[in-house]
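Engineer: Provided below are the primary sequence and the corresponding predicted coordinates.
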Amino acid sequence: MVAWGLALVLLAAGGPAGSVSSRIALAGAGTLLAVTVVLTAVIWRLMDELMRSLSNEAGNMSFYLVALPGGGWAVLAHLGFVEAPAPLDWLTMLTGLMLLGSFIAVGRRGLLAMR
């Protein structure tokens, strides 16, 4: 998640009006995405059944959390009611709602309780 978060920060700082050149932002974000994918593959192999189940539930929950507000926003933009979401808006929405989906999945199992 740290690598993914750093990729988002780098992408936000890049671009035509950014403080980081587009080439550096692309190379850095690509590298950080590759690190994220490799580490996820390694971690997936080490997960037990509960963690895999939670991961699947979090992914499913995240899909619906992204589909509803993101899809609704896209529909409203298509019909001319609001401005269309920018690509960085989509990346931020995906990241934030994946994190929220993870908390919901863990909370539904009662794993957030403080004892």
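Structural biologist: Structure received.
Engineer: Next up, the contacts around Pro69.
Structural biologist: The neighbourhood of Pro69, defined by C-beta atoms under 8 Å, 6 or more residues apart in numbering, consists of 93, 97. For every residue, glycine as well, the C-beta is placed using N, CA and C.
Engineer: the longest helix in this protein is where?
Structural biologist: With secondary structure taken from DSSP state H, the chain has its longest helix at helix 49-78.
Engineer: Can you give me the buried ones in that helix?
Structural biologist: Counting neighbours by 16 or more other C-beta atoms under 10 Å, one finds that the buried residues in helix 49-78 are 54-55, 57-58, 61-62, 65-66, 70, 73.
Engineer: I'd like the average pLDDT over it.
Structural biologist: Predicted confidence along helix 49-78 averages 93 (mean pLDDT).
Engineer: Quick one: mean pLDDT for the helix or strand containing Arg23?
Structural biologist: With elements taken from DSSP states H and E, the one containing Arg23 is helix 22-46. Along helix 22-46, the predicted local confidence has a mean pLDDT of 94.
Engineer: Give me the residue at the spatial middle of the protein.
Structural biologist: The C-alpha lying nearest the average C-alpha coordinate of the chain belongs to Thr95 (C-alpha atoms, centre = their mean; 2.2 Å).
Engineer: is it true that that one touches Leu8?
Structural biologist: Yes - under the contact definition of C-beta atoms under 8 Å, Thr95 touches Leu8, with a separation of 6.1 Å.
Engineer: Domain map for this protein?
Structural biologist: With automatic domain parsing as the criterion, the domains of the chain are listed as 1-46, 48-115.
Engineer: so who does Leu88 touch?
Structural biologist: With contact taken as C-beta under 8 Å, 6+ apart, Leu88 is in contact with 11-12.
Engineer: Just the element for it, please.
Structural biologist: Counting by DSSP H and E, the element that carries Leu88 is helix 87-108.
Engineer: All set, thanks.
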